[in-house]
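Q: let's see this in three dimensions:
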Amino acid sequence: MTHYGLPLTHATNWELHIPALTVDPNSYYNNSENGGQLKMLHLTDTHMDLYYTPGASSVCGESTCCRPTSYGHNHSAGVWAETRYLCDVGLPFAEQAIRHMGAEHPDLDFVIWTGDNVPHDEFNSTQQQDLENNRLIASVVKSTFGQKRVFPCLGNHDTHPFNQYIPYEIDVKSSGQHSMSWLYKTLADDYWSQWINTAKAKESFKIGGYYSAMATDRIKVVILNNNICQHRNWWLAYDPVDPDGQLKWLIDELYAAELNKQTAIIIGHIPPYQTKVCYTAWASNYFRIMVRFQHLIVGQYYGHTHLDEIVVFYDKNRTTNQTYPISHGYIGSSVTTWPAVNPGYRIFTLDETGKPLDFTTYYSNITQDNIDGKQIVPKWQIAYTAKQSYQLSELSKEAWDAFITRADTDQKLTDLYFSHLHRFTDAYIENMRNRGQYNPKYIHNLLQSRKYM
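A: Numbering: from 1, shown residues only. The predicted structure follows:
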């Protein structure tokens, strides 16, 4: 509209009603009983590839290599996985990784699982194949974690074609001819039924792939399907005004949490980069919601980038024009090696309200795993612990804001963050150089881009 000099319409400039504040945000946590701590696993982006083949070409010029059909003979895929360059992991590695998480951390209180169980073969997929990937990974998660609470959400690759999420209204108007029920209903009633186990959660999930559940009596976990907001979901052209009523539902869930003196953990697949990935009006309303409920949102957790990252969300003082942090979040390390990263996961320590106190990232050195051979299971080790490594006194929005500011002029700190980001693999830097994306400002710009305003 701006390009053609046309006025903005309701479709591109809409605002949802948000109820007024009902509590004193400064004393919202005064009812804390100073109880015990909680332990949480963040699992994300397995991207398991049933066609992964050791010895196949790992440099093939396609979106996914290391398959029997991969062109070229530049580099052979390893026996466990491959970091050079665009390969997902096979079922044996994905299964071993998840089972390690369960065995190494038997005292977990709950698991957040932020989507993408399907490989990067993009349009070369089917509904049946995507369902099979989700079924297999769900089966491993169930058998590994048993009756522990698991909160799964959808990724942009978990649908077919990838990125495309059909609005519920289309389902109704087409009498199911164009529908997401093949995915939503199968997950809610079968593969994920152990976790999406209330009538209310099933109802909202079958409408738009979102739901909420309680981690404890005080902590509400709000699970978004924010894949619908990204530019490459072409169904936005049908009706971009709050697709599937998800943001209105989010407001209602957070308002109910406020009335019940609860806190909220928000999880989703795609970090809501304002105007960069999510379209402007959706992102703008999401930020308005965060500003309104910032006193009860104790953390946000995402996947999608496959990198080990932190994000800080900001608002602006309209009088002074100064920005200030309103929330913070964490982008989890992926299980997949795509694109050229070592696999990883994070273990968080939370207080009784759900606020993160610290986290440790674990990773597996795929190069060494392949050298050790298929008779020795991959080894997992600590990459770093946040407070110790970054010299933080706490994990708060203010602390991470100060960290990003400090890193702006501290090259050693930025380099340390970057090494954690890809989990110590030279292949990531090589891949960036091969694509012409690596330069002296790349690392600095990447971290500074995680300031969302």
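Q: any buried residues in stretch 416-431, and which?
A: Residues 417-425, 427-429, 431 are the ones in stretch 416-431 that count as buried (16 or more other Cβ atoms under 10 Å). Where you see a C-beta, it was placed from the backbone N, CA and C, and this is true even at glycine.
Q: dump those residues to a markdown table, plus pLDDT and secondary structure.
A: Shown next, in a markdown table, are the buried residues of stretch 416-431 (pLDDT from 0 to 100; DSSP: H, G, I helix; E, B strand; the rest coil):
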| residue | pLDDT | secondary structure |
| --- | --- | --- |
| Y417 | 93 | helix |
| F418 | 91 | helix |
| S419 | 93 | helix |
| H420 | 95 | helix |
| L421 | 93 | helix |
| H422 | 94 | coil |
| R423 | 95 | coil |
| F424 | 92 | coil |
| T425 | 91 | coil |
| A427 | 87 | helix |
| Y428 | 86 | helix |
| I429 | 82 | helix |
| N431 | 79 | helix |
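Q: closest one to D252 out of the residues you listed, please.
A: The closest of the buried residues of stretch 416-431 to D252 turns out to be L421 (Cβ to Cβ; 36.0 Å).
Q: the closest one contacts I310, correct?
A: No - L421 is beyond contact range of I310, at 10.0 Å (criterion: Cβ atoms under 8 Å).
Q: for the chain, what's the longest helix?
A: The longest helix of the chain (DSSP state H) is helix 127-145.
Q: for that helix, C-alpha coordinates in PDB please.
A: C-alpha atoms of helix 127-145 as PDB (Å, rounded to 0.1, in the frame of the first residue of the first chain):
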ATOM      1  CA  GLN A 127       1.000 -35.000   4.100                       C
ATOM      2  CA  GLN A 128       1.500 -38.700   4.800                       C
ATOM      3  CA  GLN A 129       5.300 -38.300   5.000                       C
ATOM      4  CA  ASP A 130       5.000 -35.300   7.300                       C
ATOM      5  CA  LEU A 131       2.600 -37.200   9.600                       C
ATOM      6  CA  GLU A 132       5.000 -40.200   9.700                       C
ATOM      7  CA  ASN A 133       7.900 -38.000  10.800                       C
ATOM      8  CA  ASN A 134       5.700 -36.400  13.500                       C
ATOM      9  CA  ARG A 135       4.500 -39.900  14.600                       C
ATOM     10  CA  LEU A 136       8.000 -41.300  14.900                       C
ATOM     11  CA  ILE A 137       9.400 -38.400  16.900                       C
ATOM     12  CA  ALA A 138       6.400 -38.300  19.100                       C
ATOM     13  CA  SER A 139       6.800 -42.000  19.800                       C
ATOM     14  CA  VAL A 140      10.400 -41.400  20.900                       C
ATOM     15  CA  VAL A 141       9.400 -38.500  23.100                       C
ATOM     16  CA  LYS A 142       6.600 -40.500  24.800                       C
ATOM     17  CA  SER A 143       8.800 -43.500  25.500                       C
ATOM     18  CA  THR A 144      11.600 -41.300  26.800                       C
ATOM     19  CA  PHE A 145       9.800 -39.000  29.100                       C
END
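Q: which other residues reach the helix or strand following that helix?
A: Using DSSP states H and E, the helix or strand that follows helix 127-145 in sequence is strand 149-152. Strand 149-152 has contacts (Cβ atoms under 8 Å, 6 or more residues apart in numbering) with 109-113, 115, 138, 141, 187, 192, 194-195, 213, 215, 221, 223, 267.
Q: any weak-confidence spans in this structure?
A: Along the chain, the model assigns pLDDT under 70 to residues 30-34, 274-276, 437-444, 446-453.
Q: just the helices in the stretch 201-350 of the chain please.
A: 246-259, 280-292 (DSSP state H, counting those that start in this stretch).
Q: show me the contacts for L16.
A: Contacts of L16 (Cβ under 8 Å, 6+ apart): 242, 247-248, 251, 285, 288-289.
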